[in-house]
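[1] no sequence on this one, just coordinates:
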C-alpha cells in the first residue's frame with residue numbers, strides 16, 4: 001500500500017505548462033515533476049465544470065449522467081471512505097469554495113479537513129464596505145457580489161504568502177510534516193488558483209506584460225471577448241499566466257517537502273485540473289457565456305475539455321508520455337488499485353496502473369466531456385454540449401432543441417441561479433484534430449458519416465453508464 005497525494009489546481013490550462021509545449025510561461029517545478037512522471041497527453045475532463053468534476057474524482061463515476069452542480073449525495077460512496085475503511089488516514093486541504101460551503105459537504109468522508117476560506121465568493125469579511133474596483137464594473141462577472149467579497153477578503157494581504165494557493169499548499173506541506181509517520185495516508189489538495197479573480201503579486205504579472213497601465217479585468221464577464229481591448233485581453237492572459245507561475249512555485253514547495261521527508265519512494269503523486277479556460281480563442285473569454293441573469297454553455301473545445309494529468313509512481317518509469325484517452329473518473333480506481341484496496345463495483349472509471357506500468361496502450365476508444373444531462377439541468381430546450389473525442393475526431397453535440405426554454409435554469413459555474421440561454425452556437429460541430437488541432441474549421445457537413453459514428457459511440461457510452469431514459473431520450477437523435 002502506497003501513500004497518495006492528489007493535487008487539483010482549478011482551471012489550469014494544459015497548454016500553459018512547459019511539459020505540454022508552452023514556451024512563454026515559467027513553470028519549472030511542474031516541468032521537473034513531469035520529467036519524473038508519466039504524462040498523459042490525451043486526458044479529458046468528464047463532468048463539467050468545478051463541482052461535477054470533484055464528484056467524478058471522489059466517486060469514480062461519470063456523474064454528468066445523473067447529477068448536476070449539487071452537493072455530495074448522502075448515499076454516494078466516495079474514495080476517502082473506501083480508503084479509510086482500509087486503514088488509511090485521509091486529509092483534505094482546500095480553498096476551492098464551492099465544494100465546502102453552502103452544505104456541499106465534500107469533506108464528509110475524510111478523517112479531517114482544512115478549509116482555507118475567502119476564495120472568490122467566500123463571505124469572509126464585511127470590510128472595506130466599498131473596495132476599489134480594478135476596472136469598470138460592466139466588464140466584471142457579478143462584480144457587486146463575488147468581486148466585492150474577494151476584494152474585501154484580500155484587503156489586508158501583505159505578501160505572496162497571503163494568497164490562497166500559497167496558503168493551501170503550505171498547509172498541505174505542514175500536514176505532511178506532522179503526520180507522515182503515522183501510517184499510510186491520502187492527502188487531497190484542492191486549490192482554486194489559477195481560477196479568476198486573477199490577482200497574483202504584481203511581479204508575476206509583470207513577467208508577461210511589462211509596463212501595462214490600463215484597467216485590470218481580474219474577474220472578466222464570460223462573453224464574446226470583443227468588449228475588451230486587445231491590450232486588456234493581453235493583460236488578462238498575463239494575469240492568468242502569473243497565477244500559473246505562482247501555483248507552480250508553491251506546488252514546488254510541496255513536492256520539495258515530499259523529498260525532505262523521505263516520502264518519494266512510497267508515495268503516488270497526481271497533478272491535474274478540472275478544465276481549461278478561453279482567453280480569446282474562438283472569440284470568447286471564459287468557459288461559458290454569462291450575461292447578468294442569463295447563462296449559456298459554450299462548446300467545450302480543446303482549450304476547455306483537454307486537461308493536464310501527470311502521475312508520479314514510485315515504481316513506474318518517469319519521463320514517459322501516454323497517448324491513451326483517460327478521464328477523471330479513472331482517478332479513484334487508480335488510487336484504490338495502488339493502495340491495494342478493492343475497487344467498488346459502483347465505480348465506472350478504470351485503473352490507470354496498467355498504463356502507468358506500460359502493460360496496455362489504451363483503456364477506452366472515446367472520451368466524453370459534458371455538463372450535466374439530468375432533466376433539471378437541461379430542462380428540455382437548453383443548449384447542453386457534450387464533447388465526444390476519439391484519437392482523431394472531436395464532435396461537439398447538443399440534442400435537438402426543445403420548446404420549453406423559459407423553464408431552463410442552472411446553478412452551474414458559481415452556484416448562482418440563472419436562466420439558461422440557447423441559440424448562440426451550432427448544435428453540431430466536428431473537427432479533425434489531426435489536421436485542425438485548434439478547431440478552426442467545422443467539417444460536420446463534409447463528414448456526416450463521422451458525425452453518425454461518433455454519435456453512436458456517445459449514445460452507447462451513455463447506455464453503458466446506465467443513463468436514465470429520461471436523460472437519454474433526447475440525446476438519441478441527430
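    In hand now; what should we look at? Quick caveat: nothing in here was measured; it's all calculated off a predicted structure.
[2] any weak-confidence spans in the protein?
    375-381, 401-407 (pLDDT under 70).
[3] quick one, helices of it?
    With DSSP state H as the criterion, the chain has helices at 28-35, 50-59, 79-85, 148-153, 164-179, 202-208, 230-260, 302-305, 331-339, 353-356, 375-378, 448-464, 469-472.
[4] okay, these, which one's buried deepest?
    helix 50-59 (a mean of 26; mean count of other Cβ atoms under 10 Å). Bear in mind the C-beta positions are built from the backbone N, C-alpha and C, glycine included.
[5] and it, what does it pack onto?
    On a contact count with 3 or more Cβ pairs under 8 Å, 6 or more residues apart in numbering; DSSP states H and E, helix 50-59 meets strand 3-9, helix 79-85, helix 331-339.
[6] chain center to the first one: distance?
    Mean-position distance between strand 3-9 and its chain equals 14 Å (Cα atoms, centre = their mean, to the nearest Å).
[7] parallel or antiparallel, list what pairs with it.
    Neighbouring strands of strand 3-9 in its sheet, by DSSP bridges, are strand 185-191 (parallel), strand 267-272 (parallel).
[8] residue 27: which of the ones you listed is closest?
    Nearest to residue 27, of all the strands paired with strand 3-9, is strand 267-272, at 10.7 Å by Cβ to Cβ.
[9] the closest one vs helix 50-59, what angle?
    Strand 267-272 and helix 50-59 are oriented at 160 degrees to each other (axes from the mean of the first three to the mean of the last three Cα atoms, to 10 degrees).
[10] ok, back up a step: how about JSON lines for the strands paired with strand 3-9, with distance to residue 309 and mean neighbour count added?
    Shown next, in JSON lines, are the strands paired with strand 3-9 (distance: least, Cβ to Cβ, whole Å; neighbours: other Cβ atoms under 10 Å):
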{"stretch": "strand 185-191", "distance to residue 309": "15", "mean neighbour count": "25"}
{"stretch": "strand 267-272", "distance to residue 309": "5", "mean neighbour count": "23"}
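[11] could those go into a markdown table alongside distance to residue 144?
    Formatted as a markdown table, the strands paired with strand 3-9 follow (distance: least, Cβ to Cβ, whole Å):
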| stretch | distance to residue 144 |
| --- | --- |
| strand 185-191 | 26 |
| strand 267-272 | 33 |
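[12] and the helices of the chain as a markdown table, adding distance to residue 397?
    Output for these, formatted as a markdown table (distance: least, Cβ to Cβ, whole Å):
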| stretch | distance to residue 397 |
| --- | --- |
| helix 28-35 | 32 |
| helix 50-59 | 18 |
| helix 79-85 | 30 |
| helix 148-153 | 36 |
| helix 164-179 | 35 |
| helix 202-208 | 36 |
| helix 230-260 | 29 |
| helix 302-305 | 13 |
| helix 331-339 | 25 |
| helix 353-356 | 27 |
| helix 375-378 | 13 |
| helix 448-464 | 6 |
| helix 469-472 | 13 |
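[13] what's the closest of those to residue 133?
    Among these, if distance is taken as Cβ to Cβ, the winner is helix 148-153, at 7.5 Å.
[14] who does the closest one touch, helix- and strand-wise?
    Using 3+ Cβ pairs under 8 Å, 6+ apart, helix 148-153 sits against no helix or strand.
[15] rewinding a little: dump the helices and strands packed on helix 50-59 to JSON lines, plus distance to residue 250.
    What follows is those, written out as JSON lines (distance: least, Cβ to Cβ, whole Å):
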{"stretch": "strand 3-9", "distance to residue 250": "10"}
{"stretch": "helix 79-85", "distance to residue 250": "24"}
{"stretch": "helix 331-339", "distance to residue 250": "22"}
